[in-house]
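**Q** The following comprises the amino acid sequence and a computationally predicted model.
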Amino acid sequence: MRKNELCTASCMMSDGERMVLARTERYGGAATVIIWDVLGNEPVRRLSYESPVGFVDQISYVGVSRDSRYIVAGYQVSRHAVCTGNC
């Protein structure tokens, strides 16, 4: 069995065999999206995105398009966040 994967949001893909796991690596750090093979209990693909300016909160939503080609991840801005410029 593989090691555990920490995630702050997840959803099942339309094929019922894979899940999308998402997390923020650290406060203000990069976001990671993992495609997880449920039956094989292992990652199929790992995508990492550098943090855009102002992205400091944990990913709290992840969704997949019906054809499983697109993934969207989002977060809710904490009440302590300060917005400057275009937010």
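**A** Ah, there it is. None of the values given here were measured: they were computed from a predicted structure.

**Q** which ones are touching residue 65?
**A** By Cβ atoms under 8 Å, 6 or more residues apart in numbering, the contact list for residue 65 reads residue 71. Every residue, glycine included, has its C-beta placed from N, CA and C.

**Q** how about it, phi and psi?
**A** Backbone geometry at residue 65, expressed as degrees, to the nearest 10, gives phi -70, psi 160.

**Q** for the one 4 residues further on, same thing?
**A** In this entry, residue 69 is assigned phi and psi values of phi -90, psi -20 (degrees, to the nearest 10).

**Q** Tell me, how many residues neighbour it?
**A** Per other Cβ atoms under 10 Å, the neighbour tally for residue 69 reads 7.

**Q** Please apply the same query to the one 3 residues further on.
**A** Other residues near residue 72 come to 12 when the count uses other Cβ under 10 Å.

**Q** and it, how far is that from residue 60?
**A** Residue 72 sits 12 Å away from residue 60, taking Cβ to Cβ, to the nearest Å as the criterion.

**Q** Need the pLDDT of the residue positioned nearest the centre of the chain.
**A** By Cα atoms, centre = their mean, the chain has its centre lying nearest to residue 22, at 2.1 Å. On pLDDT, residue 22 comes in at 89.
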